[in-house]
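1. Output the structure for:
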Amino acid sequence: MPKIDYRITILYFILLGSTLGAGLYAGIVVAPVIFHSATYLGEPLLNRFQEGLLMTENFVRLGYLVDITVLAVALYEGFRYKNYDRDTITSISAFLVIVSGLLYVHYYMPQILDFQKEGESVTASELFKNTHFAAELDFKLFTAALFILLVRNLYRLLRR
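-> The predicted structure is shown next:
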């Protein structure tokens, strides 16, 4: 049974960790700073809609990394699965990373961008709020599944 090259595994772990770190940083640090800009600037220079536009641009750029990560997870974990290097926790978390990552980047982000193109009044609607809430939940699922996938793979590597 062929094994995946150790260097590829290390690069894979770096990618998973980088994506996890970027996602956590965007949600824990960047979003609160942007949405509370008046606290740091002394006066409100941006309204909520403008702050949302800035935050969206951060997540659009993060989406590129999410797409690369989803592709890497599909290839790496698919190769391992094909070669009977299987683990239920890893398979489930890989599936969740792929599905939630694709949903976030290719379903929720385009919807949010479309809402924002319609203007400030549309982003105050209940439909936008529900879509945004679902996108947040999906990204949290992506982050949790990515964390589990990284930890489980590290555990399996160290256990060998």
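2. How much space separates residue 71 from residue 15?
-> Per Cβ to Cβ, to the nearest Å, residue 71 is found 10 Å from residue 15. All C-beta atoms are positioned from the backbone trio N, CA, C, and that covers glycine.
3. Likewise for residue 77?
-> Taking Cβ to Cβ, one finds residue 77 at 13 Å from residue 15.
4. Equivalent analysis for residue 26, please.
-> Taking Cβ to Cβ, one finds residue 26 at 16 Å from residue 15.
5. what about this structure, any weak spots by pLDDT?
-> 1-2 (pLDDT under 70).
6. Would you map the helices across it?
-> 6-25, 31-35, 37-41, 48-82, 88-103, 109-118, 120-123, 126-159 (DSSP state H).
7. Mean neighbour count, the ones you listed: which tops it?
-> Mean neighbour count, computed with mean count of other Cβ atoms under 10 Å, is highest for helix 88-103 among those, reaching a mean of 19.
8. which other residues reach it?
-> 66-67, 69-70, 73-74, 77, 80-81, 138-139, 141-142, 145-146, 148-149, 152-153, 156 (Cβ atoms under 8 Å, 6 or more residues apart in numbering).
9. One more pass at 6 Å, please.
-> For helix 88-103, the external contacting residues (Cβ atoms under 6 Å, 6 or more residues apart in numbering) are 66, 70, 73-74, 77, 138, 141-142, 145-146, 148-149, 152.
10. and it with helix 48-82, angle?
-> 140 degrees (axes from the mean of the first three to the mean of the last three Cα atoms, to 10 degrees).
11. Is it possible to get CSV of the contacts of helix 88-103 that adds distance to residue 85?
-> Shown next, in CSV, are the contacts of helix 88-103 (distance: Cβ to Cβ, whole Å):
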residue, distance to residue 85
66, 25
70, 20
73, 14
74, 15
77, 9
138, 28
141, 25
142, 24
145, 19
146, 19
148, 17
149, 14
152, 12
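12. Residue 5: which of those is nearest?
-> Ranked by distance to residue 5 (Cβ to Cβ), those are led by residue 77 at 15.2 Å.
13. and the gap between the closest one and residue 10?
-> Taking Cβ to Cβ, one finds residue 77 at 16 Å from residue 10.
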